[in-house]
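Q: Please find the sequence and the predicted model below.
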Amino acid sequence: MNKINSNTENTDTISDLYDHEEYTLCETDKDEDTNVKEIDSIPAQGDPNNNKTQTVDSSQDQVLHDDSKKLHNNIKNKIDNVNLPDKNGNCTAMCSIPFDKVMIMCNSCKSWTHYICTELPTYQLYTLTSTSRKYTCSKCAVIPHEFREQWELKLLPSFDKQKPENINKGDEYHQNLITNLEEKLTAAISNVHKASYDKDILHLKTELNEEKSKSEKLSHTNVNITEKNIELREQCKHQESFRSHW
């Protein structure tokens, strides 16, 4: 009976030990080594081999937590060692965004550029940030003269596009573009109205010509009727004079 009670007490003690271990390891404000010492400081009852088992488990936990802590420190050091350039500078000539963590470093000149300022599509940014591929900025990218010449002569549109050098000129460029579009739209609307007016005027001219033609026909008919009336009157007079002689 005492043996059974001893085993039960031993089981409860180990269960309490595991609960205490889980609670201690979940505390974020305490150090890793302190957690292990607190586990080792709990006395084990019953079988003396439990001390050896507890020591082995504590050693394994110590190794695992040391590896995890080392990996965490390496990642943290890698992030902390990222030296961003002067926040007063610009990653590109047109950029006015402050420097932040959403940037990518050029493999050649080691300068940093915002994701949006690279003007790269999303899939390329994802490939550069999630694989071992290296990013090269526009200043360091060497473009062969033959390709540039072929691009400018054959692939680019025939009209020249003005590229703004900074944000202010960019705003001015877009404002001029909007103004030109408004002028073209106004001219197009005016042309449409003019075409409509011309069509109406042409229709009115056609109707006027038709009315003039009808008027001329009526006038000609009236002249003919008048001439016939004169002839009839003369004939009537001639007949009356002839009768008077008889």
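A: Great, that's in hand.
Q: Mean confidence (pLDDT) on the helix or strand harbouring S213, please.
A: Taking DSSP states H and E as the definition, one finds S213 inside helix 167-245. Helix 167-245 shows a mean pLDDT of 77 in the predicted model.
Q: go on, stretch 143-155?
A: Over the span of stretch 143-155, the pLDDT mean works out to 69.
Q: Could you chop this structure up by domain?
A: The chain breaks down into these domains under automatic domain parsing: 2-80, 84-161.
Q: Kindly report which one of those domains carries the lowest mean pLDDT.
A: The stretch with the lowest mean pLDDT among the domains of the chain is domain 2-80, at a mean of 47.
Q: Quick check: S190 vs I201, distance?
A: In this view, S190 and I201 are 16 Å apart by Cβ to Cβ, to the nearest Å. From N, CA and C alone the C-beta is placed, and that goes for glycine too.
Q: what do you get for T129?
A: In terms of Cβ to Cβ, T129 sits 66 Å off from I201.
Q: swap in S132?
A: Using Cβ to Cβ, one obtains 73 Å as the distance from S132 to I201.
Q: More neighbours: which of these two?
A: Taking S132 and I201 together and counting by other Cβ atoms under 10 Å, I201 has the greater number of neighbours (10 against 6).
Q: for the helix holding S213, packing partners?
A: Helix 167-245 is packed against no helix or strand, with contacts defined by 3 or more Cβ pairs under 8 Å, 6 or more residues apart in numbering; DSSP states H and E.
Q: Would you check that S108 makes contact with C140?
A: Yes. At 3.8 Å, S108 and C140 qualify as touching, with contact defined as Cβ atoms under 8 Å.
Q: number of nearby residues for M105?
A: With neighbours defined by other Cβ under 10 Å, the count for M105 comes to 17.
Q: quick one, phi psi at it?
A: Summarising the backbone geometry of M105 under the convention degrees, to the nearest 10, its torsions are phi -100, psi 140.
Q: Look up phi and psi at the nearest residue to N107 once chain neighbours are set aside.
A: Leaving aside its chain neighbours, N107 sits nearest to K134 (3.7 Å; criterion: Cβ to Cβ, 6 or more residues apart in numbering). Backbone torsions for K134, taken as degrees, to the nearest 10, come to phi -100, psi 150.
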